[in-house]
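J.: what follows is a predicted structure for the sequence shown.
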Amino acid sequence: MSEGDESAALTELAKRRGFFFGSSEAYGGVGGFYTYGPQGAALKSNVEEAWRERFAVQEGNLEIEAPTIMPEPVFEASGHLDGFDDMLVECAECGESHRADHLIEDNSELEDAETLSPEEAAEKIADLGLVCPTCGADLAGQSVEDFNLMFETNIGPGSSTPGYLRPETAQGIFVEFPRIKEYARNSLPFGVTQVGRAYRNEISPRKSIVRTREFTQAELEHFIDPERDEADLSAVEDVEVLLYPATEQEADDGDYVETTIGEAVEDGVIGNAWLGYFLGIAQEWYETVGVDMDRFRFRQHLAGERAHYSSDCWDAESEVDGDWIEIAGFSYRSDYDLSKHGEYGDDDFTVFQQYDEPKTVERAVVDPDMATLGPEFGAQAADVAEALETLAERDPDAFDADEVTLDIDGEDITVDTDVANFSVETQTEAGEHITPHVVEPSFGIDRTVYTLLAHAYETDEVDGEARSYLSLSPSVAPTNVGVFPLVSNVDELVDLADDVAAELRAAGFAVVYDDSGSIGRRYRRQDEVGTPFCITIDRDGLEGDGANTVTIRERDSGKQVRLPVDDLVGTLVGLRAGTASFDDVLDENEVVEA
Ligand SMILES: Nc1ncnc2c1ncn2[C@@H]1O[C@H](COP(=O)(O)OP(=O)(O)OP(=O)(O)O)[C@@H](O)[C@H]1O
């Protein structure tokens, strides 16, 4: 399909068949908000479940569910209040807002325009002679402003407690770290996951569910002791990946690197073994849920794209309509988040790490003489005592002099060294408090759903008729199986179809029961929403050798076999889990000519 066709066909199908559509259309609609219809909600929920199964359950991680609204100090600490901005340029003619970096990237060779300052972006817009995509007016001379993406709200009546809708689920994990570490028995490494809504007041939402203002993230914060916890790569070292490292992006004829996780970590292409581990399991997970791996890559962030505290960062990207879409980010966040909350919050964001052997250390201590400090410094005496303790830890040699100078609230205060009762003690320490480092895989569920639909969208011809179908993986398809009585006027046949549908539903399958129209039309309807298997109950299944049998048809190939009703649940369980293929079913049963 040519560029643009894939998205257009997908958006049309999504609306017609109940995957997703713009919200609040009865009131004119509002940009950047989408409703998932019955098919889409089921597909999305299956993708979330598959993520949970892999990244929470199989990894032995802890899942939490935190509120989506959090008070302002959280975002002061996290840096979102000051720095979570995109660049906005407004058209003077029609008033439409645009994301300046996207405009520049769409109209030049530049790939990392987000690293420009607003002034540089304005200059670039003028140099390139860019015009408003909505009305065509010249944008030269328009200023570019930083625009904070967080939605603000007031918590409770009045406006005294500002709050924000979280722009990422991660902060809910970091803020609750002091409590969660107890559940993890203070034992590093451990991971905490959360699947939930995040909100960003995107300047120009686009590409349907790819860039919205309310979306779902599935995030894993993996807490480690960087000195002791090493990633075990044995399970992923042979996983083959297509990498697009920063060095290649910067080279004129930059190319992909086809390698394995083990080699990429060993060669230093992936700068951190933990990141390598998560890229490896992500690669395998995307493949199981149905991403076309020929249209998938991991792209390393360029130095300018990375946050200052992050030593390495990769995005998982999928290709749709010739564009690469970021569907997940993998970032080494160091101790930035927990240190910030430790600094701003009123709790302990460290973990006590026991040494293998207790250590004997010499420690400088003070025992300030409060009977002297009290009368001399009054209300400041406690601060002076605290400053003496800090100085002893930081610069014990300072106590060799007769006096020490302390900074108390910006004021220099000189104190006689004798008052401090300084000494060096020998102590035995069992361990130390450390601030864990964080490795973060952050998945966008909506962009995954979009990719799965785009990569599954196929067209072919059946019996001379054009057909479009979604070759979704049976593990995530919204409907697992269609059940069709061939005719609706034979009681025995309808009874058997009812029984089959009831048995499959009881076994946990999402079943669509359809008795209207020709069998061909019923197949087409299910093909279009990606139902992988359809079961038809016909007269041959009622009597003689074939009694209590049905036919099962596979969506992509259209092939059918006849099998006993008693084997249905077991067969479908294997097909859905991917432990059996339809070829196995074809081998073991009587093939029915279509
Ligand atoms: N506005 C959005 N709509 C839908 N999904 C989003 C949106 N913003 C982020 N995501 C998803 O959340 C994931 C993690 O968020 P992250 O903060 O790394 O995104 P980002 O780098 O800011 O994305 P972008 O550069 O595309 O705005 C992304 O990989 C993406 O899948």
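T.: Here it is on my side, so go on.
J.: select the longest strand from the chain.
T.: Ranked by number of residues, the top strand in the chain under DSSP state E is strand 351-365.
J.: so which residue is dead centre in the chain?
T.: The centroid of the chain falls nearest to residue 443 when counting by CA atoms, centre = their mean (1.6 Å).
J.: any weak-confidence spans in the stretch 401-550 of the chain?
T.: For the stretch 401-550 of the chain, applying pLDDT under 70 flags no range at all.
J.: quick check: closest non-adjacent residue to the residue of it found nearest the ligand.
T.: Nearest to the ligand, among the residues of the stretch 401-550 of the chain, is residue 444, at 1.8 Å (CB to the nearest ligand atom). Quick note: C-beta positions are derived from backbone N, CA and C, even for glycine. Using CB to CB, 6 or more residues apart in numbering and skipping residues adjacent in sequence, the residue nearest residue 444 is residue 327, 5.7 Å away.
J.: what of residue 60?
T.: Using CB to CB, 6+ apart, the nearest residue to residue 60 is residue 191, at 7.8 Å.
J.: can you check residue 295 too?
T.: residue 319 (4.1 Å).
J.: can you get me a residue count around that neighbour?
T.: Residues lying near residue 319 (other CB atoms under 10 Å) number 17.
J.: following the one helix or strand it maps to, which helix or strand comes up?
T.: For residue 319, the enclosing helix or strand under DSSP states H and E is strand 313-320. Beyond strand 313-320 in the direction of the C-terminus, DSSP H and E gives the next helix or strand as strand 323-334.
J.: roughly how far out does the one helix or strand residue 447 maps to sit from the chain middle?
T.: In this assignment (DSSP H and E), residue 447 forms part of helix 445-456. A distance of 13 Å separates the centroid of the chain from that of helix 445-456, by CA atoms, centre = their mean, to the nearest Å.
J.: repeat that for stretch 165-173.
T.: Chain-centre distance of stretch 165-173: 12 Å, with CA atoms, centre = their mean.
J.: tell me how far the ends of that stretch are from each other?
T.: Terminal residues of stretch 165-173 are spaced 15 Å apart (CA to CA, to the nearest Å).
J.: stretch 166-174 too?
T.: One end of stretch 166-174 sits 12 Å from the other (CA to CA).
J.: got the contact list for the residue nearest to residue 444?
T.: Residues near residue 327 by CB atoms under 8 Å, 6 or more residues apart in numbering: 315-318, 443-444, 447-448, 451.
J.: again, but for residue 6
T.: Counting by CB under 8 Å, 6+ apart, residue 6 has contacts 320-321, 454, 457.
J.: quick check on those: which are buried?
T.: 320-321, 454, 457 (16 or more other CB atoms under 10 Å).
J.: now render those as JSON lines, adding distance to the ligand.
T.: As requested, the buried ones among the contacts of residue 6 are exported to JSON lines (distance: CB to the nearest ligand atom, whole Å):
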{"residue": "320", "distance to the ligand": "13"}
{"residue": "321", "distance to the ligand": "16"}
{"residue": "454", "distance to the ligand": "14"}
{"residue": "457", "distance to the ligand": "20"}
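J.: about what we covered before: check whether the residue nearest to residue 295 really touches residue 291, as I assumed.
T.: No - Residue 319 is not in contact with residue 291 according to CB atoms under 8 Å; the separation is 10.1 Å.
J.: contact residues of the stretch 351-500 of the chain facing the ligand?
T.: The stretch 351-500 of the chain has residues 442, 444, 446-447 near the ligand, with proximity defined as CB under 6 Å from any ligand atom.
J.: still on that earlier bit, quick check: bridge partners of the residue of the stretch 401-550 of the chain closest to the ligand?
T.: residue 217 (DSSP bridges).
J.: residues near it, how many?
T.: 25.
J.: from the ligand, how far out is residue 334?
T.: 16 Å (CB to the nearest ligand atom, to the nearest Å).
J.: contact partners for that residue?
T.: 226, 309-311, 437-438.
J.: again, but for residue 161
T.: 71-72, 154-155.
J.: do that again at 7 Å, thanks
T.: Under the criterion of CB atoms under 7 Å, 6 or more residues apart in numbering, the contact list for residue 161 reads 71, 154-155.
J.: relative to the ligand, how far out is it?
T.: Residue 161 is 26 Å from the ligand, by CB to the nearest ligand atom.
J.: rewinding a little: pull out the buried residues from the contacts of residue 327.
T.: Among the contacts of residue 327, those classed as buried by neighbour count (16+ other CB under 10 Å) are 315-318, 443-444, 447-448, 451.
J.: ok so, going back, report the buried residues of the helix or strand just after the helix holding residue 447.
T.: Scanning forward in sequence from helix 445-456 by DSSP H and E, the next helix or strand is strand 457-462. Applying a neighbour-count criterion of 16+ other CB under 10 Å, one finds residue 457 buried in strand 457-462.
J.: nothing else from me, thank you.
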